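*Asks:* Sequence and predicted structure are below.
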2 protein chains.
Amino acid sequence: MAGPRTIVAAPRRTAAEEVYRSLRRDIVTLQHRPGAPLGEQALADTYGTSRVPVREACRRLQQEGLLTSIPYKGYFVSPISPKEISDSFELRSAIETRAVSLAVGRASDRELERLSSLASIEYTYSDWASYADFLDKNLGFHLEVASLSRNDRLFTVLHNLLVSMQRFFFLGLDLGDFGAEMRNEHELLVRHMIRRDDVAAAACAEQQITASYERIRRALAAAEGVELPISEG
Amino acid sequence: MAGPRTIVAAPRRTAAEEVYRSLRRDIVTLQHRPGAPLGEQALADTYGTSRVPVREACRRLQQEGLLTSIPYKGYFVSPISPKEISDSFELRSAIETRAVSLAVGRASDRELERLSSLASIEYTYSDWASYADFLDKNLGFHLEVASLSRNDRLFTVLHNLLVSMQRFFFLGLDLGDFGAEMRNEHELLVRHMIRRDDVAAAACAEQQITASYERIRRALAAAEGVELPISEG
DNA sequence: CATGGGAAGATTGTATACAATTCGTATACA
DNA sequence: TGTATACGAATTGTATACAATCTTCCCATG
């Protein structure tokens, strides 16, 4: 899913890696709420390891923006502020539209065909497990586009950004059933790319990212500071 | 220099932080050559600490792309390949042009005036210390632009990217005296920004980034695999 | 001479113990 | 009552010891 040519490095089975993946999953699926306190020792007890691997995982998540460290107080799940959401979408727009442009110029017909097969995804309204699966496949689609840009550095940065944005999307899915809408968006984008129209494809991506942002904004306005600890940005 | 409103976090004086900063400086100034092997224990001995802080620093540098880890062999300074340079400039172009656009719409006249004062920089040809100072100030200029975008996430990502690209620029400065040229570029960009012409400013930034890439490419072609270990990309 | 096995060395991964720093609180004092 | 201060609890930061894993090289064996 993540990478077609994942020659980079085989992810080894290490405790630090396990803690990292588990913690990240729990954070992006909102099972650890924004603002929730996490201590190294507590996490070590939870995962049955020592503080050293936990520490490594936490520093990684901190660098990716999902955790915030307050020295001698502990780690905290980074709060979700309107500004952070807006900043993230703005940056995503800058990077992903370029990725689409580059991909149009560099991907083979064969690869675009394969991309097309990843465009059709859906979920079941108000089904949590379905949400998780949907977001995973949606991430896969966008990462495939990024990978077709043939730019490893761009891929890595966009990968990190999209992962940290996953929890925003979790907030949005409950607002309504957008499965069909997003599937149509994906398919439209791929059609532009197959036609090798880089300008139209980039504009299409830009517009879809804005639409996604609007969905999140509406979901946030609907929830309006009751369910989740949203900090003022 | 880095940030005007650096409210984010006071950089604590910790051993891991010291090792990180020292190592990063030595890598971007090419005092540690691309491909050079670095072991945790050796670094610990060098810096007079234990492996734990060294490890933390190395993982950070690895995630930023300056170090490459080969399991059970050691860390190595990431090689500089033509593709890595090209990828980096491509990504930089995507992010920085957007940063310029945003800054034009959000910075105050006062801030743009201050930015103007950072534009005039120069260096002395074939003077190493002068190079380091020049690159530092040049970085400061571009980071100030990024900061004026008012997008923290964009700032952080571009910051990391530009830092890791510093060592490319080191290769380029010896090719000739580009001080005046780059100063003119900076001043032209600022003039576009002051005129609040975001399209012209973004196009100007794009063109300048391309020019910078060309300078590096020529420098690399001139050196042609004799002085430095350049891996084939 | 090619090849597989295995021991030795090196490196990373993990656990535990200890030091350093910070924050809250209680308390002494004005 | 208000304020300063000292103490203690909690947490991170660091050092060291040990275990696991990989590489390498040598040697036996076909």
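*Replies:* Alright, I've got the coordinates.

*Asks:* So which residues on chain A come close to chain B?
*Replies:* With Cβ under 8 Å from any Cβ of the partner chain as the criterion, chain A meets chain B at residues A:12, A:52, A:55-56, A:59-60, A:63, A:65, A:71, A:83-84, A:87-88, A:90-91, A:93-95, A:97-99, A:102, A:151-154, A:156-157, A:161. All C-beta atoms are positioned from the backbone trio N, CA, C, and that covers glycine.

*Asks:* could you redo the last one with a cut-off of 6 Å?
*Replies:* Applying Cβ under 6 Å from any Cβ of the partner chain, we find that chain A lies next to chain B at A:87-88, A:90-91, A:94-95, A:98, A:151-154.

*Asks:* Show me which pair in those is furthest apart.
*Replies:* Largest separation among the residues of chain A next to chain B by Cβ to Cβ: A:Asp87 and A:Asp152, giving 24.1 Å.

*Asks:* Which residue, other than its chain neighbours, is closest to the residue of chain A found nearest DNA strand C?
*Replies:* Relative to DNA strand C, the nearest point of chain A is A:Ala15 (2.8 Å; Cβ to the nearest atom of the strand). Spatial nearest neighbour of A:Ala15, excluding adjacent residues (Cβ to Cβ, 6 or more residues apart in numbering or on different chains): A:Pro53 at 4.1 Å.

*Asks:* The one you found belongs to a helix?
*Replies:* Yes: counting by DSSP: H, G, I helix; E, B strand; the rest coil, one finds A:Pro53 located in a helix.

*Asks:* A:Phe76 in helix, strand or coil?
*Replies:* Using three-state DSSP, the structure places A:Phe76 in strand.

*Asks:* Surely it and A:Pro37 touch.
*Replies:* Yes: at 5.5 Å, A:Phe76 and A:Pro37 qualify as touching, with contact defined as Cβ atoms under 6 Å.

*Asks:* The two: which is more packed in?
*Replies:* A:Phe76 (17 against 12; other Cβ atoms under 10 Å in any protein chain shown).

*Asks:* Against A:Val19, how distant is the closest residue to that one other than its chain neighbours?
*Replies:* Leaving aside its sequence neighbours, A:Phe76 sits nearest to A:Thr68 (Cβ to Cβ, 6+ apart; 5.0 Å). Distance from A:Thr68 to A:Val19, counting by Cβ to Cβ, to the nearest Å: 18 Å.

*Asks:* okay, and for chain A, where does confidence drop off?
*Replies:* Filtered on pLDDT under 70, chain A yields the residue ranges A:1-10, A:224-233.

*Asks:* Tell me the buried residues in the host helix or strand of A:Arg24?
*Replies:* Under the criterion of DSSP states H and E, A:Arg24 resides in helix A:15-28. Residues A:15-16, A:19-20, A:23-24, A:27-28 are the ones in helix A:15-28 that count as buried (16 or more other Cβ atoms under 10 Å in any protein chain shown).

*Asks:* before we move on, what about stretch A:47-64?
*Replies:* A:47, A:49, A:53-61, A:63-64.

*Asks:* got it, and stretch A:180-187?
*Replies:* Going by neighbour count (16+ other Cβ under 10 Å), the buried part of stretch A:180-187 is A:182-183, A:185-186.

*Asks:* same deal with stretch A:206-226?
*Replies:* Across stretch A:206-226, burial judged by 16+ other Cβ under 10 Å covers A:208-209, A:212-213, A:215-217, A:219-220.

*Asks:* And these, which is closest to chain B?
*Replies:* When these are compared for distance to chain B, the smallest value, 12.4 Å, is given by A:Ile209; criterion: Cβ to the nearest Cβ.

*Asks:* residues in contact with that closest one?
*Replies:* Residues in contact with A:Ile209 (Cβ atoms under 6 Å, 6 or more residues apart in numbering or on different chains) are A:92-93.

*Asks:* Apart from its chain neighbours, what residue comes closest to A:Leu161?
*Replies:* Nearest residue to A:Leu161 in three dimensions, chain neighbours excluded: A:Arg92, at 5.8 Å (Cβ to Cβ, 6+ apart).

*Asks:* quick one: the helix or strand hosting the one you found to helix B:82-106, angle?
*Replies:* Per DSSP H and E: A:Arg92 is located in helix A:82-106. Counting by axes from the mean of the first three to the mean of the last three Cα atoms, to 10 degrees, helix A:82-106 lies at 140 degrees to helix B:82-106.

*Asks:* Tell me which residues are up against helix A:82-106.
*Replies:* With Cβ under 6 Å, 6+ apart as the criterion, helix A:82-106 contacts A:145-146, A:148-150, A:154, A:158, A:161, A:165, A:168, A:193, A:196, A:198, A:201-202, A:205-206, A:209, A:213, A:233, B:94-95, B:98, B:151-154.

*Asks:* What's the first helix or strand after it?
*Replies:* Sequence-wise, the next helix or strand beyond helix A:82-106 is helix A:109-118, with elements assigned using DSSP H and E.

*Asks:* now for the helix or strand following that next one, which elements pack on it?
*Replies:* Next helix or strand after helix A:109-118 toward the C-terminus (DSSP H and E): helix A:128-148. With contacts defined as 3 or more Cβ pairs under 6 Å, 6 or more residues apart in numbering or on different chains; DSSP states H and E, helix A:128-148 has these neighbours: helix A:82-106, helix A:109-118, helix A:152-173.

*Asks:* How about the contacts made by A:Lys137?
*Replies:* Shown in contact with A:Lys137 (Cβ under 6 Å, 6+ apart): A:Ile121.

*Asks:* Then A:Asp26?
*Replies:* A:His32 are the contacts of A:Asp26 under Cβ under 6 Å, 6+ apart.
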